Structure formats: structure tokens, C-alpha cells
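K.L.:
Fold the following.
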Amino acid sequence: MAKIVLVSGSIRRDSHNTAVLETVRRLVGERPDAASHEISWLSVGLLPFYDAEIEQQDSSVAVREAKALVEQADAVFISTPSYNGEMSGALKNALDWLSRPGGSCPLTGKTVAVTSASPGARGALDAQPTLTAVLGRCGAELVAHEPVAVGRAGALRAEAGGTACFTDPDVLAALDSLVRAVFATLDARNEAGSDALVGA
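P.N.:
Alright, predicted model coming up:
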């Protein structure tokens with residue numbers, strides 16, 4: 001079983017990036033092995049602004065729950081909007097919390113896939129480099145895949161089952177390719193682990 005955590009960088013109720021991740025959730029649900037996977041959402045809007053005093057007192061339940069969720073995950077999907085060419089402040093704040101204290105980041109060694117979406121033609125592609133740079137500092141293992149950015153997201157969104165998602169063939173193909181890359185990465189890591197145990 002693979003445990004997957006979805007993280008939208010937008011806290012807006014009608015978020016395009018949340019719709020991207022809802023589409024990812026549906027694509028995972030269409031896999032032949034779907035019943036063996038567990039999908040959870042991490043809501044970045046529930047986390048307080050990073051504050052060292054809160055950290056030292058370990059007084060935020062939301063932060064503890066977020067760290068535990070990521071720690072227990074096999075893979076994390078993150079989709080971000082572009083705010084002035086960068087990831088959203090809410091997402092950066094979440095990553096700051098996850099990276100603290102130093103040496104105990106639950107993202108370290110974690111399989112992470114990145115995507116983005118916006119109403120613009122480039123699909124918030126300009127926000128991905130800084131996001132991947134921060135994830136790299138956290139020690140995350142980024143999935144090898146060409147960038148996936150959903151442009152003109154407002155025009156391409158659809159409603160299915162009362163939830164916003166994407167049904168455009170090109171968007172579905174790109175996201176499905178990213179999903180397959182994630183599972184291929186997980187399979188490769190599992191095989192490497194099994195080989196190591198045999199060798200021991």
C-alpha cells in the first residue's frame with residue numbers, strides 16, 4: 001500500500017491547484033491497484049505563521065499533525081500557484097514548519113512530485129524552481145519528470161461529482177504521466193530495499 005499526501009499551495013476555496021490535486025486523486029483511484037492506496041490532504045492554511053516560540057513549546061496541534069502525516073507518507077504531491085513568480089506564502093510557511101527543527105525534516109528522503117496551475121498561459125511554471133529548491137534543501141527526493149504546469153486553468157476546469165477537477169485530455173495525460181512516474185519511483189525504491197535485504 002502506498003500512502004500519498006496531497007498539498008495545495010492555495011488556500012482559496014475555489015483553487016485551481018486544489019482542482020489539479022483532485023484530478024491526481026481521481027487518477028490514482030483509476031489505477032488497477034487503487035484499493036491498496038491511501039490518500040490524505042494536508043491543508044497549509046491550518047498552520048500558524050512560523051514562530052520559534054511555538055516550535056520550542058511544541059504547542060501547535062496542526063503542525064504536529066502535518067509533520068506526522070508527511071512522515072508516514074510514501075509520496076507527496078504538491079501543486080502551487082505563482083505569487084509574484086514564487087510559491088505561495090502559505091506553502092512556504094508549511095515547508096518552513098516541516099523543515100524544523102534542523103535534522104528532523106519529514107520530507108528528507110521522501111518521494112515528492114511538483115506541479116502548478118494558474119489562469120495564465122504558463123500555468124505558474126515560474127513558481128516551480130523556487131519550490132523545488134526549497135524541497136531540495138529539505139532533502140526531498142524529487143520525481144524525475146518534465147515540468148507539469150496547467151495553464152489557462154480557469155477555462156479548462158470542469159465539475160465532476162460536485163468537485164472541481166480537470167477533464168481536458170492534455171491535462172489528464174500530463175498528470176497521469178506524473179502519477180505513473182511517482183509510482184515507478186516508489187516501485188524502484190521498494191525493489192532496491194528488497195535487494196538490500198537479500199544482500200544482507
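K.L.:
Run a quick neighbour tally on Ser60.
P.N.:
Neighbours of Ser60 under the rule other C-beta atoms under 10 Å: 18. The C-beta positions use only the backbone N, C-alpha and C, and glycine is treated the same way.
K.L.:
Helices of this protein, start to end?
P.N.:
16-29, 52-57, 61-72, 89-98, 128-137, 153-156, 169-199 (DSSP state H).
K.L.:
Which stretch among those helices is buried most, on average?
P.N.:
helix 16-29 (a mean of 23; mean count of other C-beta atoms under 10 Å).
K.L.:
That helix to helix 89-98, inter-axis angle?
P.N.:
In terms of direction (axes from the mean of the first three to the mean of the last three C-alpha atoms, to 10 degrees), helix 16-29 departs from helix 89-98 by 60 degrees.
K.L.:
okay, the angle between helix 16-29 and helix 169-199?
P.N.:
The directions of helix 16-29 and helix 169-199 differ by 60 degrees, with the same axes, to 10 degrees as the criterion.
K.L.:
Please tell me how far helix 16-29 is from the chain's geometric centre.
P.N.:
Helix 16-29 sits 11 Å away from the centroid of its parent chain (C-alpha atoms, centre = their mean, to the nearest Å).
K.L.:
Show me what it is packed up against.
P.N.:
strand 3-8, strand 38-43, strand 75-80, strand 111-117, helix 153-156, strand 157-160, strand 163-166, helix 169-199 (3 or more C-beta pairs under 8 Å, 6 or more residues apart in numbering; DSSP states H and E).
K.L.:
need the ones you listed in a markdown table with mean pLDDT and distance to Ile54, can you?
P.N.:
Formatted as a markdown table, the helices and strands packed on helix 16-29 follow (pLDDT from 0 to 100; distance: least, C-beta to C-beta, whole Å):
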| stretch | mean pLDDT | distance to Ile54 |
| --- | --- | --- |
| strand 3-8 | 98 | 20 |
| strand 38-43 | 98 | 18 |
| strand 75-80 | 98 | 23 |
| strand 111-117 | 98 | 25 |
| helix 153-156 | 96 | 34 |
| strand 157-160 | 88 | 36 |
| strand 163-166 | 95 | 33 |
| helix 169-199 | 87 | 32 |
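K.L.:
got these as CSV, with distance to Pro147 columns?
P.N.:
Output for these, formatted as CSV (distance: least, C-beta to C-beta, whole Å):
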stretch, distance to Pro147
strand 3-8, 17
strand 38-43, 22
strand 75-80, 12
strand 111-117, 8
helix 153-156, 15
strand 157-160, 20
strand 163-166, 16
helix 169-199, 9
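K.L.:
nearest to Arg137, of the ones you listed?
P.N.:
Closest of the helices and strands packed on helix 16-29 to Arg137 is strand 111-117, at 12.4 Å (criterion: C-beta to C-beta).
K.L.:
In the sheet, which strands lie alongside that closest one, parallel or antiparallel?
P.N.:
Applying DSSP bridges, strand 111-117 is found paired with strand 75-80 (parallel), strand 141-142 (parallel), strand 148-150 (parallel).
K.L.:
I'd like those as a markdown table, with mean neighbour count appended.
P.N.:
What follows is the strands paired with strand 111-117, written out as a markdown table (neighbours: other C-beta atoms under 10 Å):
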| stretch | mean neighbour count |
| --- | --- |
| strand 75-80 | 27 |
| strand 141-142 | 16 |
| strand 148-150 | 25 |
